[in-house]
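> Below is the structure, and that's it, no one-letter string:
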């Protein structure tokens with residue numbers, strides 16, 4: 001049987017990318033998790049994550065970006081020579097791992113490095129001062145060269161959305177199959193109660209544009225519950241009206257309860273995919289989303305939510321009015337979320353790995369990648385130009 005390992009950039013904060021990495025490991029029981037740094041935000045089976053020498057540096061959620069020039073060296077230092085199949089989960093560094101020549105590396109890419117490829121918009125959103133704006137581009141030149149070299153190392157790419165697949169093609173010149181990340185639909189229960197508040201569920205970072213949602217609810221005198229924490233919390237609290245409450249980080253049970261009883265989630269940023277709208281859909285509630293990025297692929301206008309097209313408080317207010325004019329069918333909304341359930345993700349991932357390796361991975365996992373019953377939009381092998389690649393690679397490992 002082939003030996004399999006999972007590699008993720010780092011486990012310093014909790015988010016969608018971390019949930020995907022853990023889910024990937026769950027699909028391959030016994031596969032160890034490798035990463036550069038693990039601050040204990042996540043639990044793993046069959047044991048703790050195997051970390052790099054960067055584990056000895058005092059890194060936390062607030063300062064981890066300061067070490068961006070070290071992560072490439074840390075990823076390359078991971079000893080993965082014993083593994084036949086390596087699956088990386090990355091928005092930055094893990095795709096640059098070093099493997100045996102005959103091993104197969106499958107990269108699940110959440111996004112190419114934003115701070116390298118979209119520096120101008122990234123620096124604007126992070127409100128960088130003049131010193132950072134002048135110095136960082138010089139430091140990032142070397143990182144960009146490394147990223148271009150590292151992007152050639154995976155044998156196959158999976159993107160979390162068509163939006164990201166297009167970026168992978170543009171920046172790296174690589175084809176990618178689209179497999180959306182897993183939504184734990186069963187975790188969420190619907191409620192007959194609508195408590196009338198709107199919901200923000202996010203890490204509180206300036207680039208997520210939560211400010212326009214907070215401002216819109218203040219202007220309209222609407223109730224707003226904000227779940228999450230982060231560097232933008234102070235500025236958001238100053239902007240908020242008297243009907244906005246900041247709840248900080250909450251347990252999964254509390255999040256589920258707030259999702260089930262809200263009027264709608266407001267999703268004001270441009271995200272690569274955005275798992276949160278689908279999680280709130282799983283609770284039967286609609287979404288107000290900025291019409292950009294991954295949201296275009298997951299929100300169905302008029303059925304699971306409404307869009308706004310400009311990132312302004314006025315546009316959010318207009319979308320709130322539109323949402324309140326409509327009637328929403330909770331069963332239809334939840335049924336839409338089921339198309340992205342964990343079971344669908346598992347089938348798609350296992351089928352992909354089986355096809356590109358021919359290594360009998362389903363015998364290892366005990367899960368069969370069904371070819372029937374997959375939702376529309378399943379990976380198309382011939383249309384992505386990957387078919388010739390996997391025929392060549394699988395002959396080396398089977």
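Perfect, thanks for sending it. On a predicted model such as this, the values are computed, not experimentally measured, just so you know.
> Contacts for stretch 206-213 next, please.
Applying C-beta atoms under 8 Å, 6 or more residues apart in numbering, the contact partners of stretch 206-213 are 122, 125-127, 198, 200, 202, 204, 224, 226, 231-232, 235-236, 239, 266, 268-271, 290, 311-313, 315-316. C-betas here are computed from N, CA, C, even on glycine.
> What residues does the residue nearest to residue 203 when sequence neighbours are not counted make contact with?
Leaving aside its sequence neighbours, residue 203 sits nearest to residue 230 (C-beta to C-beta, 6 or more residues apart in numbering; 4.6 Å). Neighbouring residues of residue 230 by C-beta under 8 Å, 6+ apart: 203, 204, 205.
> quick one, helices of the stretch 201-350 of the chain?
In the stretch 201-350 of the chain, the helices defined using DSSP state H, counting those that start in this stretch lie at 210-220, 233-239, 252-261, 276-282, 295-298, 313-325, 330-338, 342-357.
> and the first one, average pLDDT?
Confidence over helix 210-220 (mean pLDDT, whole number) is 98.
> So what angle separates the directions of it and helix 313-325?
Here the directions of helix 210-220 and helix 313-325 differ by 60 degrees (axes from the mean of the first three to the mean of the last three C-alpha atoms, to 10 degrees).
> how far is helix 210-220 from where the chain is centred?
25 Å (C-alpha atoms, centre = their mean, to the nearest Å).
> For it, buried residues please.
210, 211, 212, 213, 214, 215, 216, 217, 218, 220 (16 or more other C-beta atoms under 10 Å).
> Can you pick out the most distant pair from those?
The largest distance within these, taken as C-beta to C-beta, falls between 210 and 220 and amounts to 15.8 Å.
> Hmm, residue 87 is touching residue 2, no?
No: contact criterion C-beta atoms under 8 Å: residue 87 and residue 2 do not qualify, at 11.6 Å.
> neighbour count winner among these two?
residue 87 (28 against 18; other C-beta atoms under 10 Å).
> Can I take it that the more buried one is in a strand?
Yes: assessed with DSSP: H, G, I helix; E, B strand; the rest coil, residue 87 lies in a strand.
> Let me see the ranges of the helices in the stretch 1-150 of the chain.
Secondary structure of the stretch 1-150 of the chain (DSSP H, counting those that start in this stretch): helices at 16-27, 71-77, 114-117, 119-125, 130-150.
> Tell me the first helix or strand C-terminal of the longest one.
Sequence-wise, the next helix or strand beyond helix 130-150 is strand 156-159, with elements assigned using DSSP states H and E.
> which residues touch the very next helix or strand once past that next one?
For strand 156-159, the following helix or strand on the C-terminal side (DSSP H and E) is helix 162-172. The contact list for helix 162-172 (C-beta under 8 Å, 6+ apart) reads 109-112, 117, 148, 151-152, 157, 159, 174-178, 272-273, 293-294, 296-297.
> if we can go back for a sec, looking at the contacts of residue 230, spot the one nearest residue 67.
Taking C-beta to C-beta as the measure, residue 67 lies nearest residue 205 of these, at 18.2 Å.
> how many neighbours does that closest one have?
Other residues close to residue 205 by other C-beta under 10 Å number 16.
> same thing with residue 60?
For residue 60, the tally of surrounding residues (other C-beta under 10 Å) stands at 10.
> Nearest spatial neighbour of it, chain-adjacent residues omitted?
Leaving aside its sequence neighbours, residue 60 sits nearest to residue 39 (C-beta to C-beta, 6+ apart; 6.4 Å).
> OK, contacts around the one you found?
Here residue 39 is in contact with 11, 12, 59, 60, 61 (C-beta under 8 Å, 6+ apart).
> can you do 10 Å?
10, 11, 12, 13, 55, 58, 59, 60, 61, 64 (C-beta atoms under 10 Å, 6 or more residues apart in numbering).
> Tell me who's in contact with the second one.
This means residue 11. 17-18, 21-22, 33, 35-42, 44, 49, 51.
> And the pLDDT at it?
96.
> How about it, nearest residue that isn't a chain neighbour?
Residue 11's closest residue in space is residue 38 (C-beta to C-beta, 6+ apart), at 4.5 Å.
> Likewise for the last one?
What sits nearest to residue 64 in space, not counting adjacent residues and going by C-beta to C-beta, 6+ apart, is residue 12, at 4.7 Å.
> I figured the one you found hits residue 55, correct?
No: shown here, residue 12 and residue 55 do not form a contact pair, counting by C-beta atoms under 10 Å, at 11.2 Å.
> the more surrounded of the two?
A count of neighbours by other C-beta under 10 Å puts residue 12 above the other of residue 12 and residue 55, at 22 against 16.
> which residues sit in contact with that one?
Per C-beta under 10 Å, 6+ apart, neighbours of residue 12: 18, 35-42, 59-65.
> and the buried residues of helix 210-220 as a markdown table, adding distance to residue 357?
As requested, these are exported to a markdown table (distance: C-beta to C-beta, whole Å):
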| residue | distance to residue 357 |
| --- | --- |
| 210 | 42 |
| 211 | 46 |
| 212 | 45 |
| 213 | 44 |
| 214 | 47 |
| 215 | 50 |
| 216 | 49 |
| 217 | 49 |
| 218 | 53 |
| 220 | 53 |
